[in-house]
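Novice: task: produce atomic coordinates for the following.
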Amino acid sequence: MSLESQSPAIPQLLTATIPCLSDLSISSSLRLRFALRSRRDKPAEASESERISALYNIACCFSALDQQMSGLRALAAALEAGYSDFAQIKADPDLETIRKHPKFDGLLARFAPAGGFFGPIMKGFGR
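Specialist: Numbers count the residues shown, from 1 in each chain. Have a look, this model is predicted:
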């Protein structure tokens, strides 16, 4: 079971985090979406890199709000989606709160490449 299926959908995360978003009525929300689609040249769907960035930024927001488990879930979703800048994760001051959580190191260990860049190559040689 992926962590995304355990955690709320991104729109629900946003509405829970930013209460004013839940106040939008469906009709005004639809009008807003239509207006945004008609004024930009981008496709209506977010690209994979935009999705990864959004998940990482959501993790930063939850960390700033001192909601460690929600932050870890969002970070895990970003890692599952392909985020791979582990140096940034370890240094980003926005993630300071969730780095203190006991499950943080295990989460990084699950996704970090073993042995750095040459790890997969050396694995083929029995090292």
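Novice: CA only for contacts and neighbour counts going forward, please
Specialist: OK.
Novice: hmm, who's touching the helix ranked longest in the chain?
Specialist: Using DSSP state H, we find that the single longest helix of the chain is helix 48-64. Applying C-alpha atoms under 8 Å, 6 or more residues apart in numbering, the contact partners of helix 48-64 are 68, 70-75, 77-79, 81-83, 94-98.
Novice: packing partners of the very next helix or strand once past it?
Specialist: Remark: after helix 48-64, the chain's next helix or strand is helix 68-81, criterion DSSP states H and E. Packing partners of helix 68-81 (3 or more C-alpha pairs under 8 Å, 6 or more residues apart in numbering; DSSP states H and E): helix 3-6, helix 48-64, helix 96-99, helix 104-111.
Novice: burial count for residue 103?
Specialist: Per other C-alpha atoms under 10 Å, the neighbour tally for residue 103 reads 13.
Novice: got it, and residue 58?
Specialist: Counted with other C-alpha under 10 Å, the neighbours of residue 58 add up to 23.
Novice: quick one: end-to-end length of stretch 97-106, please.
Specialist: Using C-alpha to C-alpha, to the nearest Å, one end of stretch 97-106 lies 16 Å from the other.
Novice: turn the helices and strands packed on helix 68-81 into TSV, including distance to residue 88 and mean pLDDT.
Specialist: Formatted as TSV, those follow (distance: least, C-alpha to C-alpha, whole Å; pLDDT from 0 to 100):
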stretch	distance to residue 88	mean pLDDT
helix 3-6	21	46
helix 48-64	11	93
helix 96-99	11	95
helix 104-111	12	92
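Novice: tabulate those helices in CSV, adding columns for distance to residue 89.
Specialist: Formatted as CSV, the helices and strands packed on helix 68-81 follow (distance: least, C-alpha to C-alpha, whole Å):
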stretch, distance to residue 89
helix 3-6, 18
helix 48-64, 9
helix 96-99, 9
helix 104-111, 9
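Novice: I am finished for the moment; much appreciated.
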